[in-house]
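A.B. asks: fold the following, please.
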Amino acid sequence: MREAVEETKAGLRIKPPKSRAGVRDITLSAIVIEVLREHRRRQLEHRLMMGVGKLDNDALVFPRWDGSPQWPNAVSALWATTARELGLSVSFHALRHTHASQLIDAGVDVVTIASRLGHSSPAITLQVYAHLFRKDDTKAAAAINAAMGGLKS
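C.D. replies: The predicted model follows:
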């Protein structure tokens, strides 16, 4: 599904992402896939106990009990409760920034990070996260050294 839930004065609506860059595929880590599978299994068990049947394969990941979209603030509030129980002081939206900063710290290139975040350009990613990129150019010097056949100075 390539849609977003938006809260309006008239209620919830499903809409396309804000930009073409918002329509993207990302690779999930094995641990995230396992957590999502377990989450889905618990959802299905809960729905069967309630007698409401299975969810469609393209159902929302975090719907209300009847499969309809949750209010965005409800997801944030649920995260706040969970974070408090875990002793974390990070908002739901801050998880996005944590993800980006972890990728930057791991040395992932800015084009890949921009794509994962749905930024239309790496320039946007750099505007927001430039302060997190290392100022050390040791890797650049090593790359040139390797290209020049490992000459010693």
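A.B. asks: domain ranges for this structure, per the record?
C.D. replies: With domains defined by automatic domain parsing, the chain comprises 1-88, 93-153.
A.B. asks: where does the chain have low pLDDT?
C.D. replies: Applying pLDDT under 70 to the chain picks out residues 1, 151-153.
A.B. asks: can you tell me the centre-most residue of it?
C.D. replies: residue 96 (5.7 Å; C-alpha atoms, centre = their mean).
A.B. asks: send the alpha carbons of the helix or strand that residue falls within over as CSV?
C.D. replies: Using DSSP states H and E, residue 96 sits in helix 94-105. C-alpha atoms of helix 94-105 as CSV (Å, rounded to 0.1, in the frame of the first residue of the first chain):
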residue,chain,number,x,y,z
ALA,A,94,11.9,11.3,16.6
LEU,A,95,12.2,7.6,15.7
ARG,A,96,12.6,8.8,12.1
HIS,A,97,15.5,11.1,13.1
THR,A,98,17.0,8.2,15.1
HIS,A,99,16.8,6.0,12.0
ALA,A,100,18.5,8.6,9.9
SER,A,101,21.2,9.3,12.5
GLN,A,102,22.0,5.6,12.9
LEU,A,103,22.4,5.3,9.1
ILE,A,104,24.7,8.3,9.0
ASP,A,105,26.7,6.9,11.9
